[in-house]
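> let's see this in three dimensions:
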Amino acid sequence: MSGSAASQPLFVLVLGHTRPWALRLVLEGLKREGALERTEVWLDGHSNHAWLRPKVLASRALQDDYPGCRFVSYTRAVGHARRMFDALEDVIQRHRRVLVLEDDCFPAPGSLAALDAALRAVEEDPGVFSVYGDPFALPGEGEGTYAFRPWGWATTREKLVPVLERMNELLRMPERAFLAWMRKAVEAHPPDRPFVAPGQAEPEIYLSRYQWDVVLPLLTSAQGIRNQVTAERVLFNFGIGHDSWHLVGSDARYFEPPFNMVTPADLARRFDLEIPELESRSQIAFVRTYRFVSGSDDGRLLDVGWGGPEAWGTWAVNPEARVVLRLPAFRKPKRLTLELLTRAAVHDSEVPVRVALDVAGRTQATWSYAESVGDVLQQVRLPARLAQGGDTLELVFRIEGAAAPAALGLSDDAREFGFGLSELRVTRG
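Presented below is the predicted three-dimensional model:
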């Protein structure tokens with residue numbers, strides 16, 4: 001390693017998409033750190049979808065507010081994994097040391113210096129892949145952990161390139177071949193090297209689709225490689241609540257290990273930040289968020305066709321599944337917007353999962369899932385005539401392509417499923 005390479009400061013890669021208000025907070029933190037000149041923001045695209053386009057364009061517009069920070073924007077929506085791999089391959093060719101931040105991971109004062117020092121301490125250690133500043137707060141973590149913190153981590157070119165190459169190979173595999181590899185790799189994995197923290201990820205999901213933040217630690221931990229936390233917490237994930245489609249509710253478990261998240265409002269108070277977008281959202285006349293996870297009372301809204309609730313949400317187990325909402329009476333008719341956080345389990349790459357959403361006897365939206373995915377946001381705008389309120393609103397999901405993993409030899413799960421629902425947000429106005 002040359003002296004000039006060793007002295008390079010951390011380059012910062014920020015990954016964003018549809019949350020301009022959250023991205024602004026991350027960039028504000030980096031501005032306070034004096035790091036905008038060594039920051040790139042990579043934004044996924046909108047593929048000209050009407051509901052995506054305004055949010056993506058608003059994220060792009062932040063470039064005017066943060067001069068010196070380079071933005072790289074896609075037009076087509078390529079997905080999180082593909083965009084991240086493209087960004088890492090590009091950035092790591094130009095910068096030997098890189099910090100990766102999601103758009104909901106706030107860098108606290110002194111964070112870059114702390115992460116820089118932590119990375120320098122392990123740069124020559126082949127037994128450490130990355131350093132991170134948002135601890136799991138689990139026993140023995142200070143000695144290193146096989147689990148990986150995907151929303152904020154730093155590493156070097158030498159550590160990253162071999163892992164990134166293998167992850168790309170796996171991403172390019174036909175789905176059936178990848179799932180077979182994944183199942184075999186998990187079964188053969190040393191039990192004393194847990195690649196996910198307790199409660200961090202569900203096997204039924206990462207064994208049914210490509211989940212990059214599970215594949216990565218599975219690869220590194222298989223080689224006995226760990227990740228190292230900083231001495232103090234310097235990164236704060238606020239991806240819960242407003243506009244978060246991973247963790248919309250305020251379930252107490254997300255504020256506890258291994259998540260340790262903070263709300264946007266808590267973040268603003270702690271670090272003296274302004275979030276005008278949150279204030280404007282509070283003026284919307286009617287907003288309701290329903291969560292179909294275990295422990296939530298909202299499961300009572302699930303009518304026929306659903307299985308039991310799980311930590312992430314609920315699978316539909318019939319070709320037709322219904323959700324029944326009761327809306328308050330509204331004085332004036334206005335359009336309703338439904339935002340649904342969905343999940344798909346595609347068991348055969350040649351047989352996509354197709355879903356039609358019917359309301360009042362008419363199809364309002366159709367979706368097709370060509371691969372197993374989690375946390376896919378779908379948006380549907382209902383005409384004002386359906387949004388009078390004071391009565392029930394029945395959502396009927398018609399599903400094609402569901403199958404039982406047991407019948408396909410993928411697992412012992414005999415349920416026939418393909419489409420799942422985690423959250424439903426209803427906005428009027």
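> tell me the pLDDT at the residue nearest to residue 260 when sequence neighbours are not counted?
Leaving aside its sequence neighbours, residue 260 sits nearest to residue 137 (Cβ to Cβ, 6 or more residues apart in numbering; 5.7 Å). In short, each C-beta sits where N, CA and C put it, glycine included. With respect to pLDDT, residue 137 scores 93.
> give me the element residue 137 is part of.
Following DSSP states H and E, there is no helix or strand that holds residue 137.
> do residue 113 as well
Here residue 113 is assigned to helix 111-122, by DSSP H and E.
> what pLDDT, on average, does that helix get?
98.
> just checking, next helix/strand downstream of it?
Following helix 111-122 in sequence, per DSSP H and E, is strand 128-132.
> for that following strand, name the packing helices and strands.
helix 111-122, strand 152-156, helix 157-172, strand 226-229 (3 or more Cβ pairs under 8 Å, 6 or more residues apart in numbering; DSSP states H and E).
> isn't residue 230 up against residue 133?
Yes - with contact defined as Cβ atoms under 8 Å, residue 230 and residue 133 form a contacting pair (4.6 Å).
> what about these two, which has more around it?
Taking other Cβ atoms under 10 Å, residue 230 and residue 133 do not tie; residue 133 has more neighbours (27 against 21).
> residues of stretch 223-230 that come out buried?
225, 226, 227, 228, 229, 230 (16 or more other Cβ atoms under 10 Å).
> farthest-apart pair in those residues, please.
Farthest-apart pair in these is 225 and 230; separation 18.0 Å (Cβ to Cβ).
> which residues sit against the helix holding residue 113?
9-10, 12, 29-30, 33, 35, 97, 99, 128, 131, 133, 154-156, 228, 230-232, 234-235 (Cβ atoms under 8 Å, 6 or more residues apart in numbering).
> what's the pLDDT at residue 47?
89.
> chain neighbours aside, what residue packs nearest to it?
Nearest to residue 47 is residue 77, by Cβ to Cβ, 6+ apart, at 4.5 Å.
> burial measure for the one you found, as a count.
18.
> just say helix, strand or coil for it.
Here residue 77 is coil, with the state taken from DSSP: H, G, I helix; E, B strand; the rest coil.
> and it, how far is that from residue 408?
Computed as Cβ to Cβ, to the nearest Å, the residue 77 to residue 408 distance reads 29 Å.
> and for residue 371?
15 Å.
> between these two, who's got more neighbours?
Taking neighbours as other Cβ under 10 Å, residue 371 and residue 408 compare with residue 371 leading, 16 against 13.
> any idea how far stretch 381-401 is from the chain center?
Computed by Cα atoms, centre = their mean, to the nearest Å, the chain-centroid distance of stretch 381-401 equals 27 Å.
> contacts only, for residue 168.
residue 85.
> for it, give its distance to residue 132.
From residue 168 over to residue 132 (counting by Cβ to Cβ), the distance is 22 Å.
> please enumerate the helices of the stretch 251-400 of the chain.
Applying DSSP state H, counting those that start in this stretch to the stretch 251-400 of the chain gives helices spanning 264-271, 276-281.
> which of those has the lowest average pLDDT?
Among the helices of the stretch 251-400 of the chain, helix 276-281 scores lowest, with a mean of 55.
> residues near residue 123, how many?
17.
> no no, residue 165
11.
> same question for residue 187.
7.
> that one and residue 210: what is the separation?
In terms of Cβ to Cβ, residue 187 sits 18 Å off from residue 210.
> follow-up on the earlier one: of all the helices and strands packed on strand 128-132, which one is nearest residue 51?
helix 157-172 (26.7 Å).
> can you name the next helix or strand after the closest one?
Proceeding N to C from helix 157-172, the next assigned helix or strand is helix 175-188, under DSSP H and E.
> just checking, what packs against that following helix?
Looks like helix 175-188 contacts helix 157-172, helix 212-222 (3+ Cβ pairs under 8 Å, 6+ apart).
> tell me the most buried of the ones you listed?
helix 212-222 (a mean of 22; mean count of other Cβ atoms under 10 Å).
> ok, how many other residues are close to residue 270?
Residue 270: 13 surrounding residues under other Cβ under 10 Å.
> mind listing what it touches?
236, 262.
> for residue 22, see how far away it is.
Using Cβ to Cβ, residue 270 is found at 16 Å from residue 22.
> over to residue 292?
24 Å.
> looking at the two, which is more packed in?
Using other Cβ under 10 Å as the criterion, residue 292 and residue 22 rank with residue 22 on top: 26 against 23.
> now the nearest residue to residue 126 once chain neighbours are set aside. Its backbone dihedrals?
In this structure, residue 126 finds its nearest non-sequential neighbour in residue 225, 7.4 Å apart by Cβ to Cβ, 6+ apart. Note on residue 225: its backbone torsions stand at phi -100, psi 130 [degrees, to the nearest 10].
> do the same with the one 10 residues further on
According to degrees, to the nearest 10, the main-chain angles of residue 235 amount to phi -120, psi 140.
> so what's the residue count around it?
Applying other Cβ under 10 Å, we find 24 residues neighbouring residue 235.
> repeat that for residue 366.
The burial count for residue 366: 10, using other Cβ under 10 Å.
> partners of the residue nearest to it when sequence neighbours are not counted in the sheet?
If the residues on either side of it in the chain are set aside, residue 366 comes closest to residue 356, at 4.9 Å by Cβ to Cβ, 6+ apart. Note on residue 356: beta-bridge partners by DSSP bridges are residue 366, residue 398.
> I'd say residue 356 and residue 362 touch.
No - judged on Cβ under 8 Å, residue 356 makes no contact with residue 362 at a distance of 10.4 Å.
> show me which of the two is the more surrounded one.
Higher neighbour count among residue 356 and residue 362: residue 356, with 15 against 10, using other Cβ under 10 Å.
> report the contact partners of that one.
Here residue 356 is in contact with 363, 365, 366, 397, 398 (Cβ under 8 Å, 6+ apart).
> right, I'll leave it there.
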